[in-house]
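> Need coordinates for the following:
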Amino acid sequence: MPKTSLHMKILLWGWAVLLCALLLTFWFYYGTVSEELTASSRQNTSRLLNYVRWKISHSPVSPGSPAFQKEITELGSQLDVRITYIKKGKVLADSSVEASRLPELDDHSNRPEVIAAETSGTGKNIRYSKTLQTRMLYVAKSIGDNGEFIRLALPYSIIGERLDRVMIHFSILLGMLAVGSAILLIFIGKRTTSAVKEVSATAQAIGEGDYSKRIRVIPGGEYQLMAKSINTMAKKIQGHIRIIEDQRNQLDAMFENMTEGIMVLDPQGKIESVNKSMTELVPDTQEFVGRVPLEVLTRHEIQDAVDKILKHGSENNSDSLIVDLADGRSMNVTICSYEDYKSRRKLILVFHDISEMRRMEKILRDFVSNASHQLRTPLTSIKGYSETLIDNPPQDQKILTSFLGTILDNANHMSKVITSMFALTRSEYSGKKLRTKPTNLQKCIALSMANLQSLAENKNIRLSKNEIPQIKITGTSEGLVQIFDNLIENAIKYAPENTNVKVQAEADREFAIIRVVDEGPGIAPADKERIFERFFKLDENAVGHGSSGLGLALCRSLARNFNGDIWVESPVDAITGTGSSFCVKLPVAAEQASESTKDSQQGDYL
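From the prediction side, this is the model:
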């Protein structure tokens, strides 16, 4: 018998109402009978009390004497009641208590019936008697004005027995009605349940997704309209579900395969779902479902835009902003709102990674800025000297040679600047790491020293080196030689004539540290970090020294590409405050190459 049957619920409620009505009738009838029996017993007891009072008032025996106790006992036995004579709370005689026990009885002045009799002349009460160990009906009446009372007590069990019989008879009748009505309800319920079973089964199948199910058996004429409506509903739902599933599959495919990250927010502005691309952009996004975007993206601009759209509603339906994430990536975030089936406003955040585009824009800006900054002065010089040679060529051969030499120096400087700019840009902005391999450190240092030996001899500077460890460095031969060339060239350039430039190296199992030490004027503490910036030069006479201001920046970029670092220690001589030591820290190769491997001097860039 299904609990969800409407007909059974109605029948059960009817059964419950019937039982309640019978119980209320019994309760009213039982109360009335109880009151009538109690009132009848009280009236009989009152008549007996009047009789006993008359009998005692005409008795020649004085209260409190043994003869009076005997008379009371005989009278109580004849009337089948308990008679108690009380004077000022003390029991002088009791038909149910032996004369020897009378002094042991409690003071009866506080008995409810005695108190009522003292007030109104007659008192009644029903309670449990400790002396007789049963419930009793007590009726008391005053005798005279000396605090004397006569009290009768009848067992209340007589009334209880009558009420118990009423209870038993009615309970049997109620049980028979309940069982009979229950059998009738079960029979009717089964008939009703079988009538709607087919309809219920079909509706359940439709609810579970079997929209092809139809009602073929009509249990009764009253269900025909419902069956027809359910069949029509199932047909329409089946068509709608097919359309919805097709559209959902299309949206799911688009949602999961978009390259842009998608984040959907619920009406409270909390993350409801994200697509695969979003988890790739921010790996922890899936773990923050149910939280606000600020907790995962840590960008208040996005959270402010979300709060603004949710607060102002139709006034601001969309927004777009560009934010920079903590890891350096730039995102173009588009926020748009829509309403769900409950007319609640939700938001969709589209994250487009524009880091590469902004990186290329920065490269272009840096290149143009650096080129214009570094090429303006030499171009002006070349133009000025060229115009002079054209408009007013000098007759003196020495002056002509000097003019042409100046033009050549500036042209060489421009060439060096452009070459260094391309090398630095390729190192920093190519978007690819250098293809490294174990490279012989001794050979790279020796090659750089050989390249710059003539430059050192022109200034009478002695190049020297300590014993270089026979190790392999993780890097490229071209990159390492370029680092050492720049450091040794700078040392020669800024060191005074007739001084020394030393190359030192030491290594442990993980890193090698190479130092290029000169005896130059040293570097001020404020410039120790700035000298590795692009176009920063200690000597502003760039053309005269042939400096582009990019050499040390290129060295740092290459060293960091090789997972190393570069820094300067100055002064070397604390007493004179002179000398500089440029230190390069490079990782030792995990796998040593064979001695027969030749270091390639060609470009190793990807």
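
> Can I take it that residue 394 is in a strand?
No: assessed by DSSP: H, G, I helix; E, B strand; the rest coil, residue 394 does not belong to a strand; its assignment is coil.

> ok, now which ones touch it?
Going by Cβ atoms under 8 Å, 6 or more residues apart in numbering, residue 394 touches 388, 400, 403. Using the backbone N, CA and C atoms, a C-beta is placed for each residue, glycine as well.

> One more: residue 109?
With contact set as Cβ under 8 Å, 6+ apart, residue 109 has these partners: 86, 88, 89, 115, 147.

> Report whether it is found in a strand, as I expect.
No: counting by three-state DSSP, one finds residue 109 to be coil, located in no strand.

> how close does it sit to residue 49?
Computed as Cβ to Cβ, to the nearest Å, the residue 109 to residue 49 distance reads 19 Å.

> Got the domain ranges for this protein?
7-162, 258-353, 358-425, 433-587 (automatic domain parsing).

> For those, give me a markdown table that also has mean pLDDT.
Listed next are those as a markdown table, based on pLDDT from 0 to 100:
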| stretch | mean pLDDT |
| --- | --- |
| domain 7-162 | 79 |
| domain 258-353 | 83 |
| domain 358-425 | 75 |
| domain 433-587 | 85 |
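
> so where do the strands sit in the stretch 201-350 of the chain?
Secondary structure of the stretch 201-350 of the chain (DSSP state E, counting those that start in this stretch): strands at 261-265, 271-274, 318-324, 330-339, 345-353.

> In terms of secondary structure, what does the last one contact?
By that I understand strand 345-353. strand 261-265, helix 276-281, helix 300-312, strand 330-339 (3 or more Cβ pairs under 8 Å, 6 or more residues apart in numbering; DSSP states H and E).

> Name the stretch among these that sits most buried.
Highest mean neighbour count among those (mean count of other Cβ atoms under 10 Å): strand 261-265, with a mean of 21.

> Can you give the contact residues for that one?
Applying Cβ under 8 Å, 6+ apart, the contact partners of strand 261-265 are 255, 271-275, 277-278, 280-282, 285, 293, 306, 346-353.

> Kindly report the same for stretch 124-143.
By Cβ under 8 Å, 6+ apart, stretch 124-143 touches 38, 41-42, 45-46, 49-50, 53, 56-57, 82, 86, 96-97, 105, 111-114, 116-118, 121-123, 148-157, 159-160.

> re the thing from before, would you convert the helices and strands packed on strand 345-353 into TSV that also reports distance to residue 26?
Shown next, in TSV, are those (distance: least, Cβ to Cβ, whole Å):
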stretch	distance to residue 26
strand 261-265	64
helix 276-281	71
helix 300-312	64
strand 330-339	61
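
> What residues does residue 445 make contact with?
Contacts for residue 445 (Cβ under 8 Å, 6+ apart) come out as 465, 468, 484, 503, 505, 514.

> So it: helix, strand or coil?
Criterion first, three-state DSSP; result for residue 445: helix.

> How about residue 401?
Secondary structure, three-state DSSP: residue 401 is helix.

> Going forward, the N-terminal residue is numbered 38.
All right, first residue 38 from here; so that's residue 438.

> Mind listing what's buried along the helix or strand where residue 174 lies?
Secondary structure assigned from DSSP states H and E places residue 174 in strand 171-180. For strand 171-180, burial by neighbour count (16 or more other Cβ atoms under 10 Å) applies to 173, 174, 175, 176, 177, 178, 179, 180.

> Tell me the neighbouring strands of it, and mark each as parallel or antiparallel.
Strand 171-180 sits in its sheet next to strand 159-166 (antiparallel), strand 185-192 (antiparallel), going by DSSP bridges.

> Save those as CSV, and put in mean neighbour count and distance to residue 479 too.
Output for those, formatted as CSV (neighbours: other Cβ atoms under 10 Å; distance: least, Cβ to Cβ, whole Å):
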stretch, mean neighbour count, distance to residue 479
strand 159-166, 16, 118
strand 185-192, 23, 127
